[in-house]
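**Student:** Sequence first, then the predicted structure, then my questions.
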Amino acid sequence: MSSRELFERHPANPILTAADWPYPVNTVFNPAATQVDGETVLLVRVEDLTGVSHLTVARSPNGFDGWTIDATPLLAPTPGIESELWGFEDPRVVYVPEHERWTITCTAYGPAGPAVFLATTEDFRTVRRHGIIRQSDDKNAALLPCRVRGKWILFHRPKTESGGSHGEILLSRSPDLHNWSAPEQVLQPRFGAWWDSLRIGLGPPPLRTEHGWLVIYHGVKETLGGGIYRVGLALVDLEEPTRVLHRLPQWILGPDRPYEREGDVPNVVFPCGLVHDEPSGQVRLYYGAADTSVCVATAQLDDLLAAVLAAPA
Ligand code: BMA
């Protein structure tokens, strides 16, 4: 299967592990990714030695090596705030030109369950906390970089009475990032033996292309040996992003290498970050491997588009 996957793993994978960290940690994984002044910035989920996660910045001149890792977290739970008692997990980051800053969405985890937390930053050195924008249970949230028909669009995975009990990807709209419409369906798990049959969740913020928003998502299949997390591809309409134009039947990346097969949670590839290098047409997908390390795989955007455009809806 691996030879037919659309992404090519970087030979230096895993590119970041707990051993690289400037302070003692258990694991580093599921990073958000973006570019800041020509540098690649990852916002990495770091699980500390109590099991609780926080988010720390790592910077590299080329996105593959030469990382410098901040000595302190950018976003860590505030003592006394119940909704973030068990940490911040699985960030996504998108640059929002209208605000001239990046928006971070991540999971705040506490006794009430996972909820969607929003923060913004101008430099990845300081952060402004906006708080919880979607109450638990809700996670795997990412914002589109611009308004669509005047509204901000948040892809997410609520698990509430109002929808989403089947582990699907939904989206909500907002005029102001505070008030959100009722979630609308986007993508569902595929019933039966499919690789994405148990539940699915959005990966990195969707990438705008001339053909539509390119959606990279994770899908889980339940097996006797536990869940297998793989990565899939779809294309949704630019003006009506609930409209799925194409969805690839097969996964584009799945656990195969020892660092993806073995770790705290085996058989997991979990992407949260995508960087598109426009001059070369290359995209770099940053993912957590086995809930233990940070990896990167590359593809040409044109190849991803050709593959997804050839797929049915
Ligand atoms: C999901 C999330 C991810 C994690 C994955 C595999 O539900 O919690 O953070 O990588 O499970 O354990």
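**Tutor:** Yep, it's here. Residues are numbered from 1 along each chain as shown.
**Student:** so Pro31 sits right up against Thr40, yeah?
**Tutor:** No. Using C-beta atoms under 8 Å, Pro31 is not in contact with Thr40, being 10.3 Å away. For every residue, glycine as well, the C-beta is placed using N, CA and C.
**Student:** Who has more neighbours out of those two?
**Tutor:** Here Pro31 and Thr40 are compared on neighbour count by other C-beta atoms under 10 Å; more neighbours surround Pro31, at 32 against 23.
**Student:** Could you tell me what pLDDT the model assigned to the more buried one?
**Tutor:** pLDDT recorded at Pro31 is 99.
**Student:** hmm, the one helix or strand it maps to touching the ligand?
**Tutor:** For Pro31, the host element (DSSP states H and E) is strand 27-36. Yes. Interface with the ligand: strand 27-36 contributes Asn30 (C-beta under 6 Å from any ligand atom).
**Student:** Just the buried residues of the next helix or strand after that strand, please?
**Tutor:** Next helix or strand after strand 27-36 toward the C-terminus (DSSP H and E): strand 39-47. Across strand 39-47, burial judged by 16 or more other C-beta atoms under 10 Å covers Thr40, Val41, Leu42, Leu43, Val44, Arg45, Val46, Glu47.
**Student:** same thing with stretch 259-273?
**Tutor:** Tyr259, Glu260, Gly263, Val265, Pro266, Asn267, Val268, Val269, Phe270, Pro271, Cys272, Gly273.
**Student:** count of residues packed around His211?
**Tutor:** Neighbours of His211 using other C-beta under 10 Å come to 14.
**Student:** number of nearby residues for Val148?
**Tutor:** By other C-beta under 10 Å, neighbour count at Val148 equals 16.
**Student:** Need the phi and psi values for it.
**Tutor:** The phi/psi pair for Val148 (degrees, to the nearest 10) reads phi -120, psi 120.
**Student:** who touches Ala141 in this structure?
**Tutor:** Listed by C-beta atoms under 8 Å, 6 or more residues apart in numbering, the contact set of Ala141 reads Arg92, Thr105, Cys106, Thr107, Val116, Ile133, Arg134, Leu154, Phe155, His156, Arg157, Leu202.
**Student:** let's see it at 6 Å
**Tutor:** Residues counted as contacts of Ala141 (C-beta atoms under 6 Å, 6 or more residues apart in numbering) are Thr105, Val116, Leu154, His156.
**Student:** coming back round to it: also compute the angle for the strand holding Pro31 relative to strand 39-47, please.
**Tutor:** 160 degrees (axes from the mean of the first three to the mean of the last three C-alpha atoms, to 10 degrees).
**Student:** Next, the buried residues of strand 27-36.
**Tutor:** Within strand 27-36, the residues scored as buried using 16+ other C-beta under 10 Å are Thr27, Val28, Phe29, Asn30, Pro31, Ala32, Ala33, Thr34, Val36.
**Student:** in terms of contact, does the third one touch Ala290 like I think?
**Tutor:** Looking back up the chat, that one is Phe29. No. With contact defined as C-beta atoms under 6 Å, Phe29 does not count as touching Ala290 (7.9 Å).
**Student:** This completes my enquiry, with thanks.
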